[in-house]
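Peer 1: Starting from these lines, generate the structure:
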Amino acid sequence: MYSWNLRYVLTVGEERSISKAAKKLYTSQPALSLRVKKLEKQLGIQLFDRETLPLRMTYAGERFVAIASQIVDLEGQLFQEMGDINRCAKGRLRVGISPLRERSVLPVVLPVYRQRFPGIEVVLVEEKFNVLEGLTLNGKTDLWITNYPLKKDLTITNFPLKVNQLEYTPFRLDEILAVVPDRYLPAGIDKRRYRSPDNNGPEIDLALLKESPFILLKPGMRIRRVSEALFSDAGIHKPDILLESESIDALFELTVRGVASSLIHQSFIPRTHQGAYYYLNDPLPISFLRLNNPKAKSVLAAVYLKNRYLSKAAKEFIAVAKELLAFAPGSSRKRVSLA
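Peer 2: Have a look, this model is predicted:
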């Protein structure tokens, strides 16, 4: 039964006349009468008593009109809501993000997104990398904000056979840097060239830091897994690990104080140090060394299922994030294609 059938009966019931209803519906009286009779035949029951003038609804007709009115009203609400969703006036967006990553992304992106699209409810799915990867592959998130390798064959994943099911939109380059206190800086490296994480100094081999102790994130975290791969490729099979933590801030502050070196994504460097690498008017006693291993190269990106519908709310979130994160503090200022 089509909604226009409901509207025909509702109009006839409202006008109590086939001829008046036909004029209101911009159709002929015979055509409207035929449609109503076909509907009554389909239902197997009479909706109008045609022996009276004006027309009188039967009990079945009264119930039909009462329920049809609700259906037509709901149809109107449905199309209104679909239009609102299409214009991002309302909706819901599930964003997967790790507790480690959210501190560098959400304060930048979420306030602007909420201001532009106040009707979109943003639901954060906060889990570790391996959990979020599974949720994204199962369609439980609309977007997953994470670091993604420039080459898919370098992806460290729990689902290697499913990696091609994922697509991503990059926001910016985001390398893993070796953050090294001056006391552990290898001989021959000019520390003045590496005082900023945005430096253009030559890349180094991590093997040069084999004598340095390290502070690393705890096992099970993705950056720790990448770090272990970097150590292995550099021939450092048993790095001197002084401390393990889940806090990037702790890693960075202890590194600044000269306790040990650390491996940190460029965008994870605490915002209070971005662009101003001074402490008590002196340069911070650390160097930010870029590594020559492709596994240290990644992009901060929105990851999603390749063949799954991507809502307009999700596309707008990606657009806002790309706009705000492309040259946010800690991002590379080099014009490098992310295609």
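Peer 1: count of residues packed around the residue nearest to Ile85 when sequence neighbours are not counted?
Peer 2: Closest residue to Ile85 apart from its sequence neighbours, by C-beta to C-beta, 6 or more residues apart in numbering: Gly91 at 4.8 Å. No exception for glycine: its C-beta is placed from N, CA and C like everyone else's. By other C-beta atoms under 10 Å, 21 other residues sit near Gly91.
Peer 1: And for the one 3 residues further on?
Peer 2: Burial of Arg94, expressed as a neighbour count using other C-beta under 10 Å, amounts to 19.
Peer 1: For it, what are phi and psi?
Peer 2: When quoted as degrees, to the nearest 10, the phi and psi of Arg94 stand at phi -100, psi 110.
Peer 1: residues contacting it?
Peer 2: Val123, Val125, Lys140, Thr141, Asp142, Leu143 (C-beta atoms under 8 Å, 6 or more residues apart in numbering).
Peer 1: One more: Ser298?
Peer 2: Ser298 sits next to Asn147, Tyr148, Pro149, Leu150, Leu173, Asp174, Glu175, Ile176, His265 when contact means C-beta under 8 Å, 6+ apart.
Peer 1: Quick check, the fourth one in contact with Leu300.
Peer 2: I take that to be Leu150. No - the criterion here is C-beta atoms under 8 Å, and Leu150 misses it with Leu300 at 11.7 Å.
Peer 1: Cys88 in helix, strand or coil?
Peer 2: Classification of Cys88 using DSSP: H, G, I helix; E, B strand; the rest coil returns coil.
Peer 1: Give me the pLDDT for the closest residue to it other than its chain neighbours.
Peer 2: Excluding its sequence neighbours, the residue lying closest to Cys88 (C-beta to C-beta, 6+ apart) is Phe117, at 4.8 Å. Looking at Phe117, its pLDDT is 94.
Peer 1: Test my guess that Phe117 contacts Glu316.
Peer 2: Yes - assessed by C-beta under 8 Å, Phe117 is found in contact with Glu316 at 6.2 Å.
Peer 1: Which neighbours do these two have in common?
Peer 2: Cys88.
Peer 1: that older thread, ok, so of the contacts of Arg94, who is nearest Thr27?
Peer 2: Nearest to Thr27 among the contacts of Arg94 is Asp142, at 44.3 Å by C-beta to C-beta.
Peer 1: What count of nearby residues applies to that closest one?
Peer 2: Per other C-beta under 10 Å, the neighbour tally for Asp142 reads 25.
Peer 1: Please tell me I have it right and it contacts Ala302.
Peer 2: No - between Asp142 and Ala302 there is no contact under C-beta under 8 Å: 9.4 Å.
Peer 1: any shared contact partners between the two?
Peer 2: The contact sets of Asp142 and Ala302 overlap at Ala314 (C-beta under 8 Å, 6+ apart).
Peer 1: coming back round to it: phi first, then psi, for the residue nearest to Ile85.
Peer 2: phi 150, psi -180.
Peer 1: How about it: which residues does it bridge to?
Peer 2: With DSSP bridges as the criterion, Gly91 is bridged to Ile120.
Peer 1: ok, for Phe231, nearest residue in space, not its chain neighbours?
Peer 2: The shortest distance from Phe231 to any non-neighbouring residue, by C-beta to C-beta, 6+ apart, is to Pro239 (5.0 Å).
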